[in-house]
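1. sequence and predicted structure, then a few things I'm wondering about:
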Amino acid sequence: MPSDRVTARPVRVRYASSPAVSDEPLNALYSESWPHHKPFDFLPVLEESLGYICAYEGATLIGFVYLAWDGAQHAFLLEPTVIPRRRHRGIGKELVRRAVDVARGRGCEWVHADWESNLTPFYRSCGFIPTNAGLIRVKEARA
């Protein structure tokens, strides 16, 4: 008897640590993943980061995460992003794992992350422990 179920084809993902990447694929990824994203110049972020990880399906950028740092022992995990149609397949978790490895390899002692409460299960699955933190908005939100 034929099945009506569609079997998802396994996603073959290639990960790259701090590859040459331009604004075009990053803005495309962010536009698809973040509803309020406006085109952005990523060059300063990439140049100043401790490192970043890209995930590709074929030639298409499907995931990205980067690390800011204090130049010594603290790294800050920022914006783990996976296109919506490829989420819940371990890609985000692998991006984070590889970013933590970059921080470890550069001698950092701590990797910090902040997140919205609905993302706690994801960050816990990556090994993060919730802590108290604070935040001050120093620039007004864009309209």
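-> That came through fine. Numbering: from 1, shown residues only.
2. what's the first helix or strand after the longest helix seen in the chain?
-> Ranked by number of residues, the top helix in the chain under DSSP state H is helix 91-105. Heading C-terminal from helix 91-105, the first helix or strand you meet, by DSSP states H and E, is strand 110-112.
3. helix or strand right after that following strand?
-> Strand 110-112 is succeeded, C-terminally, by helix 120-125 (DSSP H and E).
4. for that following helix, list the C-alpha coordinates in PDB.
-> Extracted in PDB, the C-alpha atoms of helix 120-125 (Å, rounded to 0.1, in the frame of the first residue of the first chain):
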ATOM      1  CA  THR A 120      16.300  27.900  26.400                       C
ATOM      2  CA  PRO A 121      15.900  24.200  25.200                       C
ATOM      3  CA  PHE A 122      18.100  24.900  22.200                       C
ATOM      4  CA  TYR A 123      20.900  26.600  24.200                       C
ATOM      5  CA  ARG A 124      20.700  24.000  27.000                       C
ATOM      6  CA  SER A 125      21.100  21.300  24.400                       C
END
